[in-house]
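>>> Fold the following and give me the result.
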Amino acid sequence: MTTVEGGIRVVSDLEAPVRTDALLDAAIDLMRGTRVAVLTGAGVSTDSGIPDYRGEGAPVRTPMTFQAFLASETARKRYWAGSHLGWRNFAGAKPNSGHRALADLEARAVVSGVVTQNVDGLHRRAGSRHVVELHGGMDRVVCLTCGQHYARQAIADRLAALNPSVDLATAIRPRPDGDVDVDDIEAMAVPGCTVCGGILKPDVVFFGEFVPTDTFHAAASLVRGADTLLVAGSSLVVNSGIRLIELARRRRMPIIVVNRGTTKGDSRAAVKIDAGASETLTAMAAALLP
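Below is the predicted model:
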């Protein structure tokens, strides 16, 4: 059913279908005149050609864990083989209309900032200035021994020079985090840190790692400083996203969820819009900006 609590429209999963445009109007009403913090997931980037993790038709995943990456040279070869091949397509992805809409809303002080679970850097490339990347960025590489940072393209160039025979023809299919499946990895040569010779790793949070404390505090601070929380393109399966949703709920902030299919945050949402992120964010920007 749909109820009204404190002027907020509450949409239940048990109610009869509600027209998406009516829910969009309800969401825009909640956002109007407020400071909006945004939490985004993989669904925001699907229209840029980057597949999501859990949507219909998403590839089956066998993600590399941090523990496996550290423990095995073979695992590191497998990871870097796929990541090197996938990076070419991943780096070529362009911001879509949803990314640009959020950048426009931030430029006009409607959106106070974006917390993203994505590692593609597309929010920054679209022009968003206040971005907290919960899980890091694939465009950066870090040495696990000395902490030296590198631009990803510099490492890609070294990988290409060391592995001239590795070709995209060996790839099976792209993955959401800029990776691909690769058949033969034994011949793969992996560069080390030029400073200390240590193990290099993309500056992203692997499975088995925790979001850095400072990063999560920055995300939580952005949510605390807002009046409304908008979630776009995330099923909220990852714990860090749910923690931010719960923070907003405890502060009695209206929560708007935009995602195709159900999410773990639907029961906390004042408005849930079952629709694509790009078109919904674009419509919100059109309504809220002069």
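>>> residue ranges with poor pLDDT in the stretch 101-250 of the chain?
166-184 (pLDDT under 70).
>>> the strands in it, which residues?
Remark: strands assigned in the stretch 101-250 of the chain by DSSP state E, counting those that start in this stretch are 111-116, 131-133, 136-143, 149-151, 171-174, 180-182, 200-204, 228-232.
>>> Out of those, which is closest to Gly98?
strand 228-232 (7.0 Å; Cβ to Cβ). Where C-beta positions appear, they are placed from N, C-alpha and C, glycine not excepted.
>>> chain center to that closest one, what's the gap?
How far strand 228-232 lies from its chain's middle: 14 Å, per Cα atoms, centre = their mean, to the nearest Å.
>>> Please render the strands of the stretch 101-250 of the chain as JSON lines that adds distance to Phe216 and mean neighbour count to the earlier fields.
Conversion of these to JSON lines gives the following (distance: least, Cβ to Cβ, whole Å; neighbours: other Cβ atoms under 10 Å):
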{"stretch": "strand 111-116", "distance to Phe216": "9", "mean neighbour count": "26"}
{"stretch": "strand 131-133", "distance to Phe216": "9", "mean neighbour count": "23"}
{"stretch": "strand 136-143", "distance to Phe216": "12", "mean neighbour count": "20"}
{"stretch": "strand 149-151", "distance to Phe216": "20", "mean neighbour count": "13"}
{"stretch": "strand 171-174", "distance to Phe216": "29", "mean neighbour count": "16"}
{"stretch": "strand 180-182", "distance to Phe216": "30", "mean neighbour count": "21"}
{"stretch": "strand 200-204", "distance to Phe216": "15", "mean neighbour count": "21"}
{"stretch": "strand 228-232", "distance to Phe216": "15", "mean neighbour count": "27"}
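>>> any chance of the ones you listed in CSV, plus distance to Arg250?
CSV is the format used below for these (distance: least, Cβ to Cβ, whole Å):
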stretch, distance to Arg250
strand 111-116, 17
strand 131-133, 19
strand 136-143, 27
strand 149-151, 35
strand 171-174, 38
strand 180-182, 41
strand 200-204, 29
strand 228-232, 12
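>>> For Leu105, which of those is the nearest?
strand 111-116 (4.1 Å).
>>> Paired strands for the closest one, with orientation please.
strand 36-40 (parallel), strand 131-133 (parallel) (DSSP bridges).
>>> now for these, which one comes closest to Arg108?
strand 36-40 (11.1 Å).
>>> who's in contact with that closest one?
102, 105, 110-118, 123, 222-223, 225-234, 241, 244-245, 248, 277 (Cβ atoms under 8 Å, 6 or more residues apart in numbering).
>>> Send me that strand as PDB with only the CA atoms.
Coordinates of each C-alpha in strand 36-40 appear next as PDB, following Å, rounded to 0.1, in the frame of the first residue of the first chain:
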ATOM      1  CA  VAL A  36      20.800  15.700  -1.900                       C
ATOM      2  CA  ALA A  37      23.500  13.100  -1.300                       C
ATOM      3  CA  VAL A  38      23.800  10.400  -4.000                       C
ATOM      4  CA  LEU A  39      24.900   6.800  -3.700                       C
ATOM      5  CA  THR A  40      25.500   5.000  -7.000                       C
END
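>>> quick one, it and strand 228-232 angle?
20 degrees (axes from the mean of the first three to the mean of the last three Cα atoms, to 10 degrees).
>>> Beyond strand 36-40, next helix or strand please.
Per DSSP states H and E, the first helix or strand lying C-terminal to strand 36-40 is helix 66-71.
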